[in-house]
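**Student:** Using only what follows, build the 3D model:
(2 chains)
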Amino acid sequence: MTFSEGTLPAEAATAVDGRLHLAVHLPWYRSLPLSCLESLSVSLDGAPRRVERVEAAGFTGTVADAGGSEVWWDLRDPLRVVLDVPARHDDVHDVTVDLAVRVPYIEVLPGVPLVQRASARTTVTVR
Amino acid sequence: MPTLGTTLFSLTPDWRSGAGTTRLLDRLAAAGCGPAIEVVGHQSWRGFPASSAEDERAFRDAVDRLGLQPAALGVYTDLHRHRGRSLTTDEALADLLPQLAAAVRLGFPLVRATLGMQPALLRRAAAAAERLGVVLTFELQGATSPDAPAVRDVVELQAASGTPFLGFTLDSSLTTPALPHALDTALTRRGLSADGVAAVHAAWAADGPVGPRIGRALTAVAGLPREPELATLAAGVLGRCGRSTPQDWAPVLPLVRHAHAKFWDPDVETVRAPHGAWLAALTEAGYDGALLSEWGGHELLDRDDADALAVTRAHHDLLSTLLAQRTAVPA
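**Tutor:** Numbers count the residues shown, from 1 in each chain, chains lettered A, B, ... in the order given. All right, here's what the predicted structure looks like:
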């Protein structure tokens, strides 16, 4: 299982109040502070889509807001990614999630942390 | 003689799939991959180091029931947890101290931390570890060289203080005969051509320090559609495949308190020579701590390519053979 594998499982998509939500798992081997989320972008059927907000236990906000959060992205728990996209049960989409997380304890140069980049592409059926 | 065991980091695919600590300890023990274990705190417990008393009790009970030996707890100072600034020394110490205390509660005599702690933090962390009775070790791995300032800092502090609670975790990735085949698989699957893969190997094998060699490897993946992933893989693996020898590290070996036998490829024969060499060097230096199997191939291969526990079992067979060769008495 590479770090991309398992990041976006086939059952990741749900329709909540008519909006598309994606359950995105952390592409690393240990839990990280959510503030280490550097970027997250989503394409749906080949077209970029705006990420409205992300949700973790104790946090709801934009990807930019996540940088100032004090909560953790636990290895076991998906980050809920809410898209500005209408959704219905049984819709099928080709989804690509590109994300970057800062690894806060590894430096590639003095003072410069490693940024782990992963890209996960999955065909999902909305539940 | 070293005690064999496994770091549960090797089972990262299971952790990422939501497996619980007790279940994984059960599986590891049933496969005969103990008795020594290393656990990564931030991988194994929700809320670590403020894990629940119930989770901690379940761990201690499982260890007792299965006859496992907690050898090392992986701890971290997340210096760059805030975007745009690094933790102060006080903040970094505050990040680390609860993890040291958790090690004591969970029954670990030793912790493994990332090499490179700044001297002011190092002094305070080492003093705290000694007060708690936990051995603080820093991992020597990959392209780290014996004369690196971060290595010298630990050696000099230990010499000055004489403390038995400060030392190193030695990782056999210091000695890597060739880049793993699994890296070729990972790069190819992300669109790198055969010529590109060969260029990455040539960059790794070139003369000179690792930084410029990684830079050369990155030129081989530049401009490709999946360049960010390819660059992360190439740089990450090249930096963790060192070319020093056990002899290069001889002056440091008396400070080794914990050890990893690292491998990437499911074919464990690829590491017979370097792991045999490190086992010889460690035993000749009088090392009698744990020697833990550590499989990193899950970072490069898909889950269908290899089962983490099966490759760990095969690696244990190899390590047992190498260990038996060290202890065999000539007729």
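
**Student:** hey, where'd the helices end up in chain B?
**Tutor:** Secondary structure of chain B, counting by DSSP state H: helices at B:12-16, B:21-30, B:41-44, B:53-66, B:89-106, B:119-132, B:149-161, B:181-189, B:194-205, B:210-221, B:227-239, B:272-284, B:308-327.

**Student:** between those, which one is nearest to A:Ser39?
**Tutor:** helix B:227-239 (10.3 Å; C-beta to C-beta). Backbone N, C-alpha and C define where each C-beta goes, glycine included.

**Student:** Pull the distance from that closest one to the chain's centre.
**Tutor:** Distance of helix B:227-239 from its chain centroid, counting by C-alpha atoms, centre = their mean, to the nearest Å, is 18 Å.

**Student:** what's in contact with that helix?
**Tutor:** If you take C-beta atoms under 8 Å, 6 or more residues apart in numbering or on different chains as the criterion, helix B:227-239 is touched by A:4, A:98, A:100, A:108, A:114-119, B:142-143, B:179-180, B:183, B:186-187, B:190-192, B:200, B:203-204, B:210, B:213-214, B:217-218, B:220-221, B:224, B:264, B:299-300.

**Student:** Please indicate which of those residues are buried?
**Tutor:** Buried by 16 or more other C-beta atoms under 10 Å in any protein chain shown: A:4, A:98, A:100, A:114-119, B:142-143, B:179-180, B:183, B:186-187, B:190, B:192, B:200, B:203-204, B:210, B:213-214, B:217-218, B:220-221, B:224, B:264, B:299-300, out of those.

**Student:** Within range of chain A, give me the residues from the stretch 51-200 of chain B.
**Tutor:** Neighbours of chain A within the stretch 51-200 of chain B, by C-beta under 8 Å from any C-beta of the partner chain: B:74, B:76-83, B:86, B:114, B:116, B:186.

**Student:** List buried members of those residues by neighbour count.
**Tutor:** With neighbours counted using 16+ other C-beta under 10 Å, these contain these buried positions: B:74, B:76-83, B:86, B:114, B:116, B:186.

**Student:** where's B:Phe108 relative to B:Pro70, distance?
**Tutor:** Distance, B:Phe108 to B:Pro70, using C-beta to C-beta, to the nearest Å: 5 Å.

**Student:** How many residues are close by B:Trp45?
**Tutor:** 23 (other C-beta atoms under 10 Å in any protein chain shown).

**Student:** What about the closest residue to it other than its chain neighbours, how many residues nearby?
**Tutor:** Once flanking residues are discounted, B:Trp45 sits nearest to B:Ser51: 3.9 Å by C-beta to C-beta, 6 or more residues apart in numbering or on different chains. A count of neighbours around B:Ser51, defined by other C-beta under 10 Å, yields 19.

**Student:** distance of B:Ser51 from B:Leu87?
**Tutor:** B:Ser51 sits 22 Å away from B:Leu87, taking C-beta to C-beta as the criterion.

**Student:** so what's the closest residue to B:Thr283 other than its chain neighbours up against?
**Tutor:** Residue nearest to B:Thr283 in three dimensions, not counting chain neighbours: B:Arg326, with 5.5 Å by C-beta to C-beta, 6+ apart. Taking C-beta under 8 Å, 6+ apart as the criterion, B:Arg326 is in contact with B:1, B:279-280, B:283.

**Student:** Surely A:Val71 and A:Phe59 touch.
**Tutor:** Yes: applying C-beta atoms under 8 Å as the test, A:Val71 and A:Phe59 come out as touching, 4.6 Å apart.

**Student:** Give me the common contacts of those two.
**Tutor:** When contacts are counted by C-beta under 8 Å, 6+ apart, A:Val71 and A:Phe59 are jointly contacted by A:Leu34.

**Student:** what about these two, which has more around it?
**Tutor:** Per other C-beta under 10 Å, whichever of A:Val71 and A:Phe59 has more neighbours is A:Phe59, with 19 against 13.
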